[in-house]
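> sequence isn't available, so here's the structure alone:
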């Protein structure tokens with residue numbers, strides 16, 4: 001699979017999926033008016049990647065802000081990662097937040113409780 005890089009905008013996150021190394025990263029802001037169309041593309045990429053994933057997958061999320069619609073889309077991505085893990089591959093989600101950003105930290109903790117994959121909530125240095 002070819003790697004995917006989508007430059008972030010003031011409304012959409014940067015996406016850097018390196019399928020060869022298994023490092024899939026999303027960062028920035030996600031406040032697009034139609035996140036479903038944006039995230040459906042990412043879902044399709046993860047589904048395709050899941051057919052022949054790296055032995056270890058790291059899904060790194062560093063969002064400074066996201067809206068409620070994005071939240072639902074993120075859950076769908078996490079569920080796809082659960083599927084990869086259920087096929088005996090290692091999967092880890094790293095959720096990053098700024099030091100004083102309790103809202104993003106709490107969101108990460110909520111996701112950690114919802115999904116059934118290793119999920120670490122980490123403060124950015």
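Happy to help now that I have it. Because the structure is a prediction, the values reported are computed rather than measured. Numbering: from 1, shown residues only.

> can you name the farthest residue from the center of this structure?
In the chain, the residue that sits farthest from the middle, by C-alpha atoms, centre = their mean, is residue 100; the gap is 21.3 Å.

> sec struct for it, please.
Assigned by DSSP: H, G, I helix; E, B strand; the rest coil, the conformation of residue 100 is coil.

> next one: the one 5 residues further on
Residue 105 falls in the helix class when you classify it by three-state DSSP.

> which residue is the nearest non-sequential neighbour of it?
Leaving aside its sequence neighbours, residue 105 sits nearest to residue 97 (C-beta to C-beta, 6 or more residues apart in numbering; 4.3 Å). Every residue, glycine included, has its C-beta placed from N, CA and C.

> that older thread, now the phi/psi pair for the residue farthest from the centre of the chain, please.
As for residue 100, its main-chain torsions (degrees, to the nearest 10) stand at phi -100, psi 20.

> beta partners for the residue nearest to residue 105?
Using DSSP bridges, the bridge partners assigned to residue 97 are residue 123.

> and the host helix or strand of residue 65, how far out from the chain middle?
For residue 65, the enclosing helix or strand under DSSP states H and E is strand 56-66. Here strand 56-66 is found 4 Å from its chain centre; the criterion is C-alpha atoms, centre = their mean, to the nearest Å.

> quick one: name whatever helix or strand follows that strand.
helix 68-86.

> list the buried residues of that next one.
For helix 68-86, a neighbour-count test (16 or more other C-beta atoms under 10 Å) marks 69, 70, 73, 74, 77, 78, 80, 81, 84, 85 as buried.
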